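> return a 3D structure for these sequence lines:
(one chain, ligands or ions: 2)
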Amino acid sequence: IQRTFIMVKPDGVKRGLIGEIIKRFEQKGFTLLNAELMTISREKAEYHYMELQDKPFFGELVDFITSDSVFAMVWEGENIIEVSRSMIGKTSPLEALPGTIRGDFACSKAENVIHGSDSLLSAEREIANFFDPLSIRPINKDFPYDERKSV
Ligand code: GTP
Ligand code: MG
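Numbers count the residues shown, from 1 in each chain. Ligands and ions are numbered 1, 2, ... in the order given. Predicted coordinates for the structure are as follows:
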């Protein structure tokens, strides 16, 4: 079982897509562990996107993500990091297929509605950047899919 950090970006929040995005993750069978509407500091945004700090669009990216409210979430499920990335779709609107969140709702590379962690390591770092660990159910505790409990 994995956990990932999913965030509806300011454009997605403004366009009223929070419910649609939660619905898709729920329908897939994933479990919501925490969620909060928040505005984030530049410091938090720069830490979140630290792997992109040398990109020419880094300043623009931080400006955008701090421009208005985001809806930050922690989700849990089998292989959720890879599966959620495929549900989200590619970064480029030319490559994001219909049926994916970006394919259905975004036509801009910068304002692309949603973020999802791309690895176990970044998921851990991103969840810790946005949420107090004590606010999230401990991993595997009383969870029906706990590998240690299933036969
Ligand atoms: P995230 O889930 O948001 O991390 O997107 P991603 O993993 O599909 O793409 P990546 O991590 O490479 O880039 C992070 C974000 O930077 C993208 O989602 C875009 O919002 C933004 N971004 C990527 N390319 C550009 C660009 O050329 N210009 C601007 N302004 N933003 C970009
Ligand atoms: Mg990324």
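> which residues sit against stretch 122-132?
Here stretch 122-132 makes contact (CB atoms under 8 Å, 6 or more residues apart in numbering) with 2-5, 7, 34, 36, 38, 40, 44, 47-48, 51, 72, 74, 81, 117, 136. Quick note: C-beta positions are derived from backbone N, CA and C, even for glycine.
> how about 10 Å then?
Here stretch 122-132 makes contact (CB atoms under 10 Å, 6 or more residues apart in numbering) with 2-7, 33-36, 38, 40, 43-45, 47-51, 70, 72-75, 80-81, 84, 115-119, 133, 136.
> how about stretch 19-32?
If you take CB under 10 Å, 6+ apart as the criterion, stretch 19-32 is touched by 1, 3-4, 6-8, 12-13, 35, 71, 73-78, 80, 83-84, 87-88, 100-101, 104-105, 113-114, 137, 143-145.
> the strand or helix carrying R3 pairs with which strands, parallel or anti?
Element membership of R3, judged by DSSP states H and E, is strand 2-8. If you go by DSSP bridges, strand 2-8 pairs up with strand 70-77 (antiparallel), strand 114-116 (antiparallel).
> want to throw these into CSV with mean pLDDT?
As requested, the strands paired with strand 2-8 are exported to CSV (pLDDT from 0 to 100):
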stretch, mean pLDDT
strand 70-77, 98
strand 114-116, 98
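> closest one to ligand 1 among those?
strand 114-116 (3.6 Å; CB to the nearest ligand atom).
> check whether that closest one contacts ligand 1.
Yes: contact between strand 114-116 and ligand 1, assessed by CB under 6 Å from any ligand atom, occurs at 115-116.
> got the residues of the protein near ligand 1?
52, 57, 60-61, 91, 109-110, 112, 115-116, 118.
> Serialize those residues to a markdown table and add fields for secondary structure.
Shown next, in a markdown table, are these (DSSP: H, G, I helix; E, B strand; the rest coil):
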| residue | secondary structure |
| --- | --- |
| L52 | helix |
| F57 | coil |
| E60 | helix |
| L61 | helix |
| T91 | coil |
| K109 | coil |
| A110 | coil |
| N112 | coil |
| H115 | strand |
| G116 | strand |
| D118 | coil |
